[in-house]
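>>> I would like to see how this sequence folds:
(chains A and B)
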Amino acid sequence: MIKVRFAPSPTGYLHIGGARTALFNWMYARSQNGIFVLRIEDTDQVRSKDEFLQEILDSMQWLGLKWDEFYKQSERFDIYRKYAKQLLDEGKAYKDGEAVILKVPQKQVKIYDLIRDEIDVDTKELKDQVLMKSDGSPTYSFACVVDDALMEISHVIRGEDHISNTPKQIVIYEALGFKVPKFAHLPLILDDERARLSKRAGAVAVTDYRKQGFLSEAIVNYLMLLGWSPGNNQEVVSLDSAVKKFSIKKVNKAGAAFSLEKLKWINAQYLKQMETGRLMELLIPFLKERGYVDGNVDQDRLAQAVNLYKGRIATLVDFLDWADYLFIDDVQIIPEDREKYLSQNFSREFERLAERLNQLIEYNMKTTEEAFRSVTEELGLKASDLVHPVRVALTGKSIGPGLFEMMSVLGKEKTVRRLKEAFTTPSIRREE
RNA sequence: GACCCCAUCGUCUAGCCUGGUCAGGACAAGAGCUUUUCAAGCUCUCGGCGCGGGUUCAAAUCCCGCUGGGGUCGCCA
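Residues are numbered from 1 along each chain as shown, chains lettered A, B, ... in the order given. Presented below is the predicted three-dimensional model:
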């Protein structure tokens, strides 16, 4: 029976590297019909915080990585104490004050690693290992080994940074008479400078990406591509189909640099394919937080707005930024765009267009375009002469979807008002 | 520094195990198309097997060395 575990320490938020480790463990378990254990390594009572634990559980769930078994090391101190005593009684460990220290025998140890094959290490490089600290709590390696053995973990899948403490742990397994599991050390996720990903490189917590409007599917998809490939030149892959193809042996050995650009691209792919209704649900909390909508959301209008931008946003937050003009009363015009498109006074043309639009009985994409074209023709202008200034006046931006689609979603009343007010003092704020 | 791991376009990777198909794809970049804008879409282009030795008829692929990068050296996890 295959059994794996993800063992985060609640001393910080779940970060992107941890999430990838969890994901590979989870995929391996699912692909082998095995069991996925979540074990909280909270032996450091000072640094462990409940807030972080909650956040880790929340992020795991958000990512869709459900666990089959759950443990907390802080509830298992008696067990570690028992095994420490056993080693003491057997003379394999000794005391230094209150601490219990393992005598490390000199020998060659072999790590069997699914990704890197065999790794040989001479334990003469190792000092005797502290198992129980003076304060009565177990060290990481000791608790880890005892738990992995007792929980019958068959494969320890973790970051490459753990390779060097694997020999120490093997020595502990052997002292305890436990079966040594197989290992798989994943390549590390690196930053732009090819150093270990750290806070300095920007967002590193899963929560941060969530707040920035990334989808869990996209994050999971991107993370699985770091060090592994589903083959057939596929990149946008669902977790389900990835599980079917997953092989731990096909995981790369070299570290992989994290690319925010590519994550954004994948996120955009998911956003494009997403059903409008679901996208609306995801967007509503963001819209509320920014005060763009209140309790009762106009579903039809929101659906129109979402469809307008669905194909061109990379994150949920992008939607708020691009479509803000649909939700607020006063458009904020980007200064450079005002300079470029509204420095010429179009008040006469805008007024005429506003009047024409205001007379429309049916106000939609088609009728606004007809009205627009007839006005420009009467004025002896090309449509494009007025398209850009109007777009800026209505949305505050020089780029966006088709003008008439936007006018239609914006609605007659706001469109007309913004056209009429475009050349009046922008500092005057109005009540709706 | 010691020990360990690693090495294909700028980045993520396929190919390596079981040597022989112009080293394939994606992101980014550049060019063009579309056009009412582009941050969307489509098309094209640019760009890589770190170096040196072997083995072989033949090496990205196997072996050795070098160089380079990373990780670990806590009573943190």
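
>>> now the strands for the stretch 301-432 of chain A?
Taking DSSP state E, counting those that start in this stretch as the criterion, the stretch 301-432 of chain A contains no strands.

>>> Mind jotting down where the helices sit in it?
With helices called from DSSP state H, counting those that start in this stretch, the stretch 301-432 of chain A shows them at A:316-322, A:335-342, A:347-358, A:365-378, A:383-395, A:403-410, A:412-421.

>>> among the ones you listed, which is the most enclosed?
Stretch with highest mean neighbour count among those: helix A:403-410 (a mean of 22; mean count of other C-beta atoms under 10 Å). C-beta: built from backbone N, CA, C; applies to glycine.

>>> could you check whether it is close to RNA strand B?
Yes: Helix A:403-410 comes into contact with RNA strand B (C-beta under 7 Å from any atom of the strand), by way of A:403-405.

>>> Now do that helix: distance to the chain's middle.
Counting by C-alpha atoms, centre = their mean, to the nearest Å, helix A:403-410 is centred 33 Å from the centre of its parent chain.

>>> Show me what it is in contact with.
A:301, A:304-305, A:308, A:325-326, A:357, A:363-366, A:368-369, A:372, A:387, A:390-391, A:394-395, A:400, A:415, A:418 (C-beta atoms under 8 Å, 6 or more residues apart in numbering).

>>> what does stretch A:240-257 give?
Outside stretch A:240-257, the residues within contact range by C-beta under 8 Å, 6+ apart are A:24, A:27-28, A:30-31, A:114-116, A:155, A:157, A:160, A:184, A:186-192, A:194, A:221, A:224, A:226-231.

>>> Near RNA strand B, list only the ones from the residues you listed.
The subset of those within reach of RNA strand B, by C-beta under 7 Å from any atom of the strand, is A:116, A:160, A:187-188, A:190, A:194, A:226-229, A:231.

>>> Buried ones among those residues?
A:116, A:160, A:187-188, A:190, A:226-229 (16 or more other C-beta atoms under 10 Å).

>>> A:E75: which of those is nearest?
Nearest to A:E75, judged by C-beta to C-beta, of those is A:E160 at 29.6 Å.

>>> what's near enough to touch that closest one?
Taking C-beta under 8 Å, 6+ apart as the contact definition, A:E160 lies against A:185-188, A:255.

>>> Output these in JSON lines; the columns should cover secondary structure and pLDDT.
What follows is these, written out as JSON lines (DSSP: H, G, I helix; E, B strand; the rest coil; pLDDT from 0 to 100):
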{"residue": "A:H185", "secondary structure": "strand", "pLDDT": "98"}
{"residue": "A:L186", "secondary structure": "strand", "pLDDT": "98"}
{"residue": "A:P187", "secondary structure": "coil", "pLDDT": "97"}
{"residue": "A:L188", "secondary structure": "coil", "pLDDT": "96"}
{"residue": "A:G255", "secondary structure": "coil", "pLDDT": "96"}
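
>>> Could you find which two of those are furthest from each other?
The distance between the two most remote of these (C-beta to C-beta) is 11.4 Å, for A:H185 and A:G255.

>>> Any stretches of the stretch 251-400 of chain A with poor pLDDT?
Applying pLDDT under 70 to the stretch 251-400 of chain A flags no residue at all.

>>> How about the residues of it by RNA strand B?
A:252-257, A:259, A:261-262, A:265, A:268, A:311-312, A:322, A:369, A:383-384, A:387-388, A:391, A:397-400.

>>> one step back: compare A:H185 and A:G255 (neighbour count), which wins?
Remark: of A:H185 and A:G255, A:H185 carries more neighbours, 23 against 17, as counted by other C-beta atoms under 10 Å.

>>> How about the more buried one: what's its closest non-neighbour residue?
Computed as C-beta to C-beta, 6 or more residues apart in numbering, the closest residue to A:H185 that is not its neighbour in sequence is A:E160, at 4.7 Å.

>>> And that neighbour, what's its pLDDT?
On the pLDDT scale, A:E160 is placed at 96.

>>> quick revisit: narrow the contacts of stretch A:240-257 to those in strands?
Of the contacts of stretch A:240-257, the ones assigned to strands by DSSP state E are A:155, A:157, A:184, A:186, A:189-190.

>>> per-residue confidence averaged over stretch A:94-111?
Regarding stretch A:94-111, the rounded mean pLDDT is 95.

>>> list the buried ones in it?
Within stretch A:94-111, the residues scored as buried using 16+ other C-beta under 10 Å are A:99-102, A:104, A:109, A:111.

>>> Could I get the contacting residues of A:L283?
A:302, A:306, A:316, A:319.

>>> no no, A:T11
Contacts of A:T11 (C-beta under 8 Å, 6+ apart): A:44, A:47-49, A:52.

>>> Ramachandran coordinates for it?
When read as degrees, to the nearest 10, the backbone of A:T11 gives phi -110, psi 10.

>>> Distance check, it against RNA strand B.
Distance of A:T11 to RNA strand B, computed by C-beta to the nearest atom of the strand, to the nearest Å: 7 Å.

>>> Over to A:N165?
Remark: distance between A:N165 and RNA strand B (C-beta to the nearest atom of the strand) = 5 Å.

>>> Leaving out sequence neighbours, find the closest residue to that residue.
Spatial nearest neighbour of A:N165, chain neighbours left out: A:S141 (6.0 Å); criterion: C-beta to C-beta, 6+ apart.

>>> need the contact list for the one you found.
A:S141 is in contact with A:129, A:131, A:165, A:168-169, A:172, counting by C-beta under 8 Å, 6+ apart.

>>> I'd like to know which of these is nearest to RNA strand B.
RNA strand B lies nearest to A:N165 out of the contacts of A:S141, by C-beta to the nearest atom of the strand, at 4.9 Å.

>>> pLDDT score assigned to the closest one?
Looking at A:N165, its pLDDT reads 91.

>>> What count of nearby residues applies to it?
Look at A:N165: counted by other C-beta under 10 Å, it has 15 neighbours.

>>> May I ask you to confirm that it belongs to a strand?
No: A:N165: not assigned to a strand; according to DSSP: H, G, I helix; E, B strand; the rest coil it is helix.

>>> Any figure for the gap between it and A:L419?
Computed as C-beta to C-beta, to the nearest Å, the A:N165 to A:L419 distance reads 68 Å.

>>> Return the residue of chain A that is most distant from the centre.
A:E378 (52.5 Å; C-alpha atoms, centre = their mean).

>>> Which residue is the nearest non-sequential neighbour of that one?
For A:E378, ignoring the flanking residues on the chain, the nearest one in space by C-beta to C-beta, 6+ apart is A:R352 at 7.8 Å.

>>> My read is that the one you found contacts A:L379, right?
Yes: between A:R352 and A:L379 there is a contact under C-beta atoms under 8 Å: 7.1 Å.

>>> count of residues packed around A:D113?
Other residues within reach of A:D113 by the criterion other C-beta under 10 Å amount to 18.
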